[in-house]
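Colleague: Model the structure of this input:
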Amino acid sequence: MARAEGVGRADGAGGTHGLIDWIRSGGGNKKFTWHYSLGFTVTEDLEKLIAKVPRLAWRAAMNVANRPVGDTWVVEICGRTGLEDWPDDMRLIIRRSRIHPRDKKLTAYEKKTGWRYSALVTNTPNGPGRDEVWLEARHRSHTHVEAAIKSAKQTGLRRMPSREFAINHAWCQAVAIATDLTVWLQQLALDGEESRAEPDTVRPRILDIPARLVRGGRRRILKLADDWPWSRSVADAFTHIRALPAPS
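Modeller: Numbering: from 1, shown residues only. Just a heads-up that it's a prediction; the model follows:
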């Protein structure tokens with residue numbers, strides 16, 4: 001029987017012995033082969049290793065679309081100095097990017113070099129198409145999860161309605177459905193800013209609007225307010241929806 005494979009990703013809070021060991025064990029199930037891609041704390045000892053990296057060893061960072069990320073570089077540190085307590089198959093990848101004026105909590109080394117550093121660790125083995133640039137891009141691709149959680153919070157996940165688990169469970173399901181419907185509305189019917197906006201923006205512009213639903217000539221007519229700034233966006237959304245092919 002083929003072993004089920006998967007990748008567990010987390011930010012720096014996940015770079016612990018306990019989580020790494022659990023993922024490497026397949027969650028305790030021998031049928032699973034799991035890899036991890038976890039953020040890792042950049043300590044002073046790690047900064048000493050970074051300082052030894054030759055300038056030409058740094059490679060331009062890419063995103064998941066294989067496009068360069070501006071003034072951002074990646075390198076894999078292969079030495080085991082300071083990492084003896086970690087699994088032998090653990091790969092350590094460093095990312096550096098130019099310090100932004102809004103960056104805070106910089107270390108003395110970062111202020112000295114002008115670069116901000118972050119690290120990730122993974123047990124995905126090296127091979128064709130699995131170099132440090134690809135692995136770093138794969139790790140970064142999980143950041144959209146935070147945006148999805150933010151959208152869910154704006155749709156009702158921020159507050160649970162009850163002390164009862166069953167009621168909160170039903171509430172979370174309703175939030176998930178509402179979040180998905182909002183995304184599909186944006187993908188299929190909205191253009192411009194509204195197609196990328198968060199729920200707190202879509203709701204008052206497109207969903208909760210000043211309008212009247214009237215009947216006449218055996219038809220239902222939605223009358224939009226003439227002075228509503230986004231009436232045209234709502235009308236265009238209905239046009240896009242009506243143009244969709246009927247489901248098979």
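Colleague: Surely Tyr109 is in contact with Ala51?
Modeller: Yes. Contact criterion Cβ atoms under 8 Å: Tyr109 and Ala51 qualify, at 7.4 Å. All C-beta atoms are positioned from the backbone trio N, CA, C, and that covers glycine.
Colleague: quick check, Trp37 in a strand?
Modeller: No Trp there; residue 37 is Ser. Yes. Membership of Ser37 in a strand is supported by DSSP: H, G, I helix; E, B strand; the rest coil.
Colleague: so who does it touch?
Modeller: Ser37 sits next to 7-9, 120-122, 124, 135, 138-139, 142 when contact means Cβ atoms under 8 Å, 6 or more residues apart in numbering.
Colleague: related to what we said a few turns ago, name the residue in Tyr109 and Ala51 with the higher neighbour count.
Modeller: Tyr109 (16 against 10; other Cβ atoms under 10 Å).
Colleague: do you know how far that one is from Val53?
Modeller: According to Cβ to Cβ, to the nearest Å, Tyr109 and Val53 sit 13 Å apart.
Colleague: How about Phe32?
Modeller: Separation of Phe32 from Val53 (Cβ to Cβ): 35 Å.
Colleague: same check, this time on Glu76
Modeller: Relative to Val53, and taking Cβ to Cβ, Glu76 is found at 10 Å.
Colleague: Then Glu146?
Modeller: 29 Å.
Colleague: I'd like to check what contacts stretch 225-244. Which residues are they?
Modeller: 185, 188-192, 194, 205-206, 209-211, 222, 224.
Colleague: scratch that, stretch 129-141 is what I was asking about
Modeller: For stretch 129-141, with Cβ under 8 Å, 6+ apart as the criterion, the contacting residues are 7, 9, 37, 39, 59-64, 66, 74-76, 91, 93, 95, 120, 122, 124.
Colleague: Show me which positions of it end up buried.
Modeller: Neighbour-count burial for stretch 129-141 flags 132-140 (criterion: 16 or more other Cβ atoms under 10 Å).
Colleague: go on, stretch 67-75?
Modeller: For stretch 67-75, using 16+ other Cβ under 10 Å, the buried residues are 69, 72-75.
Colleague: What of stretch 220-231?
Modeller: 224, 230-231.
Colleague: same question, stretch 156-168
Modeller: 156-157.
Colleague: Quick one: distance of that stretch to the chain centre.
Modeller: Mean C-alpha position of stretch 156-168 versus that of the full chain (Cα atoms, centre = their mean, to the nearest Å) differs by 25 Å.
Colleague: Then stretch 61-68?
Modeller: 15 Å.
Colleague: CA-only coordinates of that stretch in PDB, if you can.
Modeller: What follows is stretch 61-68, C-alpha atoms only, in PDB (Å, rounded to 0.1, in the frame of the first residue of the first chain):
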ATOM      1  CA  ALA A  61      14.300  34.400  -4.000                       C
ATOM      2  CA  MET A  62      11.300  33.500  -6.200                       C
ATOM      3  CA  ASN A  63       7.600  33.300  -5.500                       C
ATOM      4  CA  VAL A  64       5.300  30.300  -6.200                       C
ATOM      5  CA  ALA A  65       4.700  31.700  -9.700                       C
ATOM      6  CA  ASN A  66       8.500  31.400 -10.300                       C
ATOM      7  CA  ARG A  67       8.900  35.200 -10.400                       C
ATOM      8  CA  PRO A  68      11.700  37.000  -8.600                       C
END
